[in-house]
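Novice: Let's see this in three dimensions:
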Amino acid sequence: MRTLVKLSWVEVKLLLREPLTVVFALALPLMILYVLGGVSGEEVVAGFYRDVEPMSYYVPVYIGLVIASIGLITIPTHLAGYRERGVLKRLHASSMSAWAVGGAEVAVAVVIAATSSLLLVAAAAVVYDFAAPNSLLTVVGAFLLAVFMFAALGVLLGAVLPTARAAQALGLLLWFMMLMLAGAGPPPEAMPSGMRTAGSLTPLKHVIYIMQDAWLGLDAGQSLLVVVVILVLSILLALRFFRWE
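Specialist: Numbering: from 1, shown residues only. Okay, the predicted model is just below:
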């Protein structure tokens, strides 16, 4: 446990020095939130934004987007870079287990995602009015489940992708694709049916639904089950395909 705590603390400091972490986990979601807030306004639009105020819709969405940026971009790039530089090989030689490495990445994801999400909510509250959480305890539970799922997915990507450049390229592609299709950009109601179907196949779509369900008391449907299934499969596949060198 002490080893895991020390490794997690070192990883937090290292990741916060990464420009991609600062941009995609801190700056970009907030910038897009302000842009969409200016475009969508603050009035309920019948048939759009799940029939709630636009900013009440988007605040939980962008918490999910922060989480996705860590799982799709930060963790895979970091792990693949470690493999390229031989860091994972040295950790393995020091009897570090794959569980410890993955656990450190999950701990880092929780810290960075929580910090970024609190900053995002505070910054949004300065400018916009939006609904308070329906149940803070439920929001925290949904948040942690979403972080665990995307962190496990990130470890899986970092385990199978050969280089940091490949991990970064794929992560950016997936992040922007989910931004546009999963309901974090244009409202789903404004999309063609094909785009809505494609969006429903992305992990972020289901994270958005469980976050909005917890925050606004909406119906997440089967999204909770989908997130749990992705979490379990990602853990199993990451352990199966994890490579030290």
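
Novice: ok, residue 196 to residue 121 distance?
Specialist: Between residue 196 and residue 121 the computed distance is 27 Å (CB to CB, to the nearest Å). In this view, the C-beta of every residue, glycine as well, is placed from N, C-alpha and C.

Novice: what's the helix or strand where residue 108 lies packed up against?
Specialist: In this structure, residue 108 sits in helix 98-127 according to DSSP states H and E. Judged by 3 or more CB pairs under 8 Å, 6 or more residues apart in numbering; DSSP states H and E, helix 98-127 is in contact with helix 2-16, helix 28-40, helix 54-69, helix 75-85, helix 136-160, helix 223-241.

Novice: Please identify the deepest-packed of the ones you listed.
Specialist: For the helices and strands packed on helix 98-127, average neighbour numbers computed from mean count of other CB atoms under 10 Å are highest in helix 54-69, which has a mean of 26.

Novice: May I have that helix exported as PDB, CA atoms only?
Specialist: Extracted C-alpha coordinates of helix 54-69, given in PDB (Å, rounded to 0.1, in the frame of the first residue of the first chain):
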ATOM      1  CA  PRO A  54     -29.000  24.000 -21.400                       C
ATOM      2  CA  MET A  55     -26.400  24.700 -18.700                       C
ATOM      3  CA  SER A  56     -27.900  22.200 -16.300                       C
ATOM      4  CA  TYR A  57     -27.500  19.700 -19.200                       C
ATOM      5  CA  TYR A  58     -23.900  20.700 -20.000                       C
ATOM      6  CA  VAL A  59     -22.300  20.900 -16.600                       C
ATOM      7  CA  PRO A  60     -22.600  17.100 -15.900                       C
ATOM      8  CA  VAL A  61     -21.600  16.500 -19.500                       C
ATOM      9  CA  TYR A  62     -18.300  18.300 -19.200                       C
ATOM     10  CA  ILE A  63     -17.400  16.600 -16.000                       C
ATOM     11  CA  GLY A  64     -17.700  13.400 -18.100                       C
ATOM     12  CA  LEU A  65     -15.600  15.000 -20.800                       C
ATOM     13  CA  VAL A  66     -12.900  15.800 -18.300                       C
ATOM     14  CA  ILE A  67     -12.900  12.200 -17.100                       C
ATOM     15  CA  ALA A  68     -12.700  11.000 -20.700                       C
ATOM     16  CA  SER A  69      -9.700  13.200 -21.500                       C
END
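
Novice: Quick one: distance of that helix to the chain centre.
Specialist: 10 Å (CA atoms, centre = their mean, to the nearest Å).

Novice: How about stretch 82-95?
Specialist: 26 Å.
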